[in-house]
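Participant: here is a sequence together with a model predicted from it:
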Amino acid sequence: MMTNLFSVFDPSTSMGMSMNWMSTFAGMMIIPASYWIIPSRITMLWKFIILTLYKEFKVLMGPGSFPGSTLLFVTLFSLILFNNFMGLFPYIFTSSSHLTFTLTLSLPLWLSFMVYGWLNNTNFMFAHLVPQGTPPVLMPFMVCIETISNIIRPGTLAVRLAANMIAGHLLMTLLGNTGPSLSLTILTLLLAGQIALLMLESAVAIIQSYVFAVLSTLYSSEVN
């Protein structure tokens, strides 16, 4: 029984152990299927998606990127996408709805980009603080604005992903809790609304993982 509305996002189980985080590693169970001699249609579809993302991220990062660095963001997309979809199944913990998970992904990435950029392209990083064509009077203010916007990047990445996951799950939980007290006619409408909301959440799961990976790629291309 839920003690409050947000207890659905509590990572602790009934035994008082935080084993629900193990759902993050459940994706490893689908890896052996990719080693079959004759691949399935799902494997071929997934490889097509990965190849498309690889080409797109390669264009975003530009010709000066390190070889193989695009695979990092493709893997990041795959990890977030899998965890978003896992949270749509009943009784499975949604790890991507917690800032612990999202900040763990965004903060090390952003920090590594900043360290690399300031150590190797210091002049470029200083020039990036002042957009081209800025009047001299506004330059101090633009430096402050660009610095603040740069610092809050990992936070915006993490909060955007977690907030979108929490919002849809909370709405589905609220609608689901009102089901037992409704009549048959209204319950039918509620089920139709829940199915439509589930389809919307599936689209949000794909979009948010794509946005996270694309923004991380763009942040990486700025320091090259």
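Facilitator: Received it, and whenever you're ready, just let me know what you need.
Participant: centroid-nearest residue for the chain?
Facilitator: For the chain, the residue nearest the mean C-alpha position is residue 209 (3.9 Å; Cα atoms, centre = their mean).
Participant: contacts only, for that residue.
Facilitator: Residue 209 makes contacts with 77, 80-81, 84, 161, as judged by Cβ atoms under 8 Å, 6 or more residues apart in numbering. No exception for glycine: its C-beta is placed from N, CA and C like everyone else's.
Participant: how about a cut-off of 6 Å?
Facilitator: For residue 209, the contacting residues are 77, 80-81, 84, by Cβ atoms under 6 Å, 6 or more residues apart in numbering.
Participant: what's the pLDDT at it?
Facilitator: Here the pLDDT value assigned to residue 209 is 93.
Participant: low-confidence ranges in the protein?
Facilitator: For the chain, the stretches flagged by pLDDT under 70 are 1-19, 224.
Participant: that one: helices as residue ranges?
Facilitator: 41-61, 69-86, 99-120, 122-128, 139-151, 153-177, 184-221 (DSSP state H).
Participant: return the most buried member of those.
Facilitator: Highest mean neighbour count among the helices of the chain (mean count of other Cβ atoms under 10 Å): helix 69-86, with a mean of 20.
Participant: now the angle from that helix to helix 153-177?
Facilitator: 20 degrees (axes from the mean of the first three to the mean of the last three Cα atoms, to 10 degrees).
Participant: got the CA positions of helix 69-86 in PDB?
Facilitator: Provided in PDB are the C-alpha atoms of helix 69-86 (Å, rounded to 0.1, in the frame of the first residue of the first chain):
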ATOM      1  CA  SER A  69      33.900   8.600 -29.800                       C
ATOM      2  CA  THR A  70      30.400   8.500 -31.500                       C
ATOM      3  CA  LEU A  71      29.900   5.000 -30.100                       C
ATOM      4  CA  LEU A  72      29.900   6.500 -26.600                       C
ATOM      5  CA  PHE A  73      26.800   8.500 -27.300                       C
ATOM      6  CA  VAL A  74      25.100   5.700 -29.200                       C
ATOM      7  CA  THR A  75      25.600   3.500 -26.100                       C
ATOM      8  CA  LEU A  76      24.300   6.300 -23.900                       C
ATOM      9  CA  PHE A  77      21.200   6.500 -26.000                       C
ATOM     10  CA  SER A  78      20.700   2.700 -25.800                       C
ATOM     11  CA  LEU A  79      21.100   2.700 -22.000                       C
ATOM     12  CA  ILE A  80      18.600   5.500 -21.400                       C
ATOM     13  CA  LEU A  81      16.100   4.200 -23.900                       C
ATOM     14  CA  PHE A  82      16.200   0.700 -22.300                       C
ATOM     15  CA  ASN A  83      15.700   2.100 -18.800                       C
ATOM     16  CA  ASN A  84      12.800   4.400 -20.000                       C
ATOM     17  CA  PHE A  85      11.000   1.500 -21.600                       C
ATOM     18  CA  MET A  86      11.600  -0.800 -18.600                       C
END
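Participant: against which helices or strands is that helix packed?
Facilitator: For helix 69-86, the packing partners by 3 or more Cβ pairs under 6 Å, 6 or more residues apart in numbering; DSSP states H and E come out as helix 41-61, helix 184-221.
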